[in-house]
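Undergrad: Below are the sequence and a predicted model; questions follow.
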Amino acid sequence: MTTYILRRLLQSVLILLAASFLVYCLVAWSGDPLMELRQSNAPNKDRLIQARMDQLNLDVPLVPRYFLWLKGALGCVVPFAGVCDLGTNVGGLQVTDLLASAIPSTLRLVTTATLLAIILGVAIGIVTALRQYSGFDYLVTFTTFLFFSLPVFWVAVLLKEFGAIRFNDFLADPTIPPIGLAAIGLVLGVLAYLVATGSLRRRLLFFGGGVVVGAGVGYYLSASQWFLYPGLGLPLVAVFGVAIAFACTILFAGLKNRRALYASLIAVALALIAMVVLVPLFERATLWLIVGLGALAVAVGIAVGYFMGGFDRNQSMKAAGLTSLLVAGLVLLDRYFLAWPSYMANPRVKNRPIATIGSQTSGLNGDFWVNGIDTFTHLVLPTAALILISLASYTRYSRASMLEVMGQDYVRTARAKGLPERVVVTRHAFRNALIPIATIVAFDIGALLGGAVITENIFSIQGMGTLFIQGLRNVDPPPVMGFFLVTGLMAVTFNLLADLAYSALDPRVRVKA
């Protein structure tokens, strides 16, 4: 294993060196960084030109200039190699300082988009594989490829228009007209019809139920002014929590395992008690406090599952642990909902919460919950743009992989042994279906970073994408090379992790030198 990792790292270093030299040359040949100064009428033009030449080492030939940059870059990635120095941009600012302020915004955007795309894409792909050639399968295929075919900049513009501007206008008077209620009911009814299985009569019943539920929920949200004063409250958290408990039990143990179900329901009850007891603590919430409470919730759920025991203790622990995590998420969501009116009333927000530019509202003074809502409202649209263009690949690959695995001999053998379909899918098929996805994730990181360049430019997010574009426009290699260094290291790391994930997911694969 160690030999394999060292060999892959050596290969990656050689690739990065060759690619960085090529990128450096292309940026340097793309234009004249002194063009702006040459066309200037400033009386000290010659002195300014000489200062920029000294700053960017333009009096040094291209190849030695690259090695000067490489010497400083090695100090950033190799321990004890020296001081980290990526140069300065044309404005005289250190690239390391620019990256330090840009990396958090980009990583937050790309990480959120990647995780959500993987979770949603794999889940939808598995469901469509199990429902092959159904109406739901056709609908998902059409929708995902529709968004996949759209350019990211156009998707971003549409989201700004309908997800921000039109929605903010709607919040001025959040009343859904009758035709809107009918449209919501019809859409939900069609989705219920496509998801349903069985006879035509059964599917029509699902359609009617979807229409009634969609229109009823829409009417309730409109009549109660929920969009202005949202919330879940203890009753809804309890209802959703019980549903989550049953779903997690079905996923990990099956409803026949009563101990697993009781452990999950106990986890829900403990979360409801904590929702009331921890109110004073929520008023002084910090990020690490919330993370600690989330970890504690998972630990409590696992402990409940352990003490409930049963013929398969692991099933109870998994079901109760996941239930605790999801219900804790509901409690957290409810707490954010309670802070929504305060955020809307803030003079910097002016009752238009969904932002179209930037990564935060300047001058916003609020507590942990208000600042969290502000981060979400600035992140939701660019994240959605990146998810929509990458969701199709995860959906189709996971669907194809699952279909291939479900046709294997060991799956047929598991069914012939009389194992429940849940066990066949979750324990025998799902793990092997994830193997191709490991490679897709590694390659998709680079694609998402490329999409983030465009997305950040459209939404005016001061991240690495903005740094990259400004460097290209100004024929300024140091910021471009700083962007390349970060993205290149991420690509190398995730490709190595993908190879190691192969050996973890498939026992037939062994990492050897």
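TA: Looks like it arrived, so ask away. Residues are numbered from 1 along each chain as shown.

Undergrad: Residue 150 contacts residue 392, doesn't it?
TA: No - Residue 150 is beyond contact range of residue 392, at 10.4 Å (criterion: CB atoms under 8 Å). Just so you know, the C-beta spots here come from the backbone N, C-alpha and C atoms, and that holds for glycine as well.

Undergrad: shaky segments in the stretch 351-500 of the chain?
TA: Scanning the stretch 351-500 of the chain for pLDDT under 70 picks out the ranges 450-451.

Undergrad: neighbour-wise, which of residue 150 and residue 392 wins?
TA: Higher neighbour count among residue 150 and residue 392: residue 392, with 21 against 15, using other CB atoms under 10 Å.

Undergrad: secondary structure class for the more buried one?
TA: Following DSSP: H, G, I helix; E, B strand; the rest coil, the label given to residue 392 is helix.

Undergrad: Tell me who's in contact with it.
TA: 121, 144, 145, 147, 148 (CB atoms under 8 Å, 6 or more residues apart in numbering).

Undergrad: Can you mark which positions in stretch 350-365 are buried?
TA: Residues 352, 353, 354, 355, 356, 359, 360, 361 are the ones in stretch 350-365 that count as buried (16 or more other CB atoms under 10 Å).

Undergrad: Residue 499: how many residues sit nearby?
TA: So residue 499, with other CB under 10 Å, has 17 neighbours.

Undergrad: Against residue 492, how distant is it?
TA: Going from residue 499 to residue 492 by CB to CB, to the nearest Å gives 11 Å.

Undergrad: swap in residue 83?
TA: According to CB to CB, residue 83 stands 23 Å off from residue 492.

Undergrad: swap in residue 474?
TA: On the measure of CB to CB, residue 474 and residue 492 end up 28 Å apart.

Undergrad: re earlier: the more surrounded of residue 83 and residue 492?
TA: residue 492 (18 against 9).

Undergrad: so where does the more buried one fall, helix or strand?
TA: helix 477-505 (DSSP states H and E).

Undergrad: So which other helices or strands are in contact with that helix?
TA: helix 2-29, helix 62-77, helix 95-130, helix 435-458, helix 464-473 (3 or more CB pairs under 8 Å, 6 or more residues apart in numbering; DSSP states H and E).

Undergrad: and the angle for that helix with helix 435-458?
TA: 160 degrees (axes from the mean of the first three to the mean of the last three CA atoms, to 10 degrees).

Undergrad: which of the residues in helix 477-505 are buried?
TA: 477-488, 490-492, 494-496, 498-502, 505.

Undergrad: show me the contacts for residue 327.
TA: 237, 240, 241, 244, 267, 268, 271, 297.

Undergrad: The same query, at a cut-off of 6 Å, please.
TA: 241, 268, 271 (CB atoms under 6 Å, 6 or more residues apart in numbering).

Undergrad: likewise residue 257?
TA: Contacts of residue 257 (CB under 6 Å, 6+ apart): residue 315.

Undergrad: Backbone torsions only: list them for it.
TA: Per-residue torsions, residue 257: phi -80, psi 90 (degrees, to the nearest 10).

Undergrad: Report the secondary structure state of residue 352.
TA: Residue 352 is classified as coil under three-state DSSP.

Undergrad: Look up how far residue 229 lies from it.
TA: As judged by CB to CB, residue 352 and residue 229 stand 17 Å apart.

Undergrad: With residue 333 instead?
TA: Going from residue 333 to residue 229 by CB to CB gives 15 Å.

Undergrad: next one: residue 175
TA: According to CB to CB, residue 175 and residue 229 sit 14 Å apart.

Undergrad: same deal with residue 493?
TA: 45 Å.

Undergrad: same check, this time on residue 63
TA: For residue 63, the distance to residue 229 - CB to CB - is 65 Å.

Undergrad: for residue 447, same thing?
TA: Counting by CB to CB, the gap from residue 447 to residue 229 is 40 Å.

Undergrad: likewise residue 343?
TA: 12 Å.

Undergrad: out of these two, which sits in the busier spot?
TA: residue 343 (23 against 12).

Undergrad: tell me the SS of that one?
TA: For residue 343, the assignment made with three-state DSSP gives helix.

Undergrad: wait, doesn't it sit right on residue 373?
TA: Yes - counting by CB atoms under 6 Å, residue 343 does reach residue 373; the two are 4.6 Å apart.

Undergrad: got a list of what residue 354 touches?
TA: 164, 167, 168, 377.

Undergrad: now do residue 268
TA: Going by CB under 6 Å, 6+ apart, residue 268 touches 241, 245, 327.

Undergrad: Let's see which of those residues end up in helices.
TA: Taking DSSP state H, the ones among these that sit in helices are 241, 245, 327.

Undergrad: What does residue 420 show for phi and psi?
TA: Backbone geometry at residue 420, expressed as degrees, to the nearest 10, gives phi -60, psi 150.

Undergrad: Secondary structure class of the residue lying closest to residue 112 once chain neighbours are set aside, three-state.
TA: Leaving out its chain neighbours, the residue that sits closest to residue 112 by CB to CB, 6 or more residues apart in numbering is residue 383, at 5.1 Å. Three-state call for residue 383 (three-state DSSP): helix.
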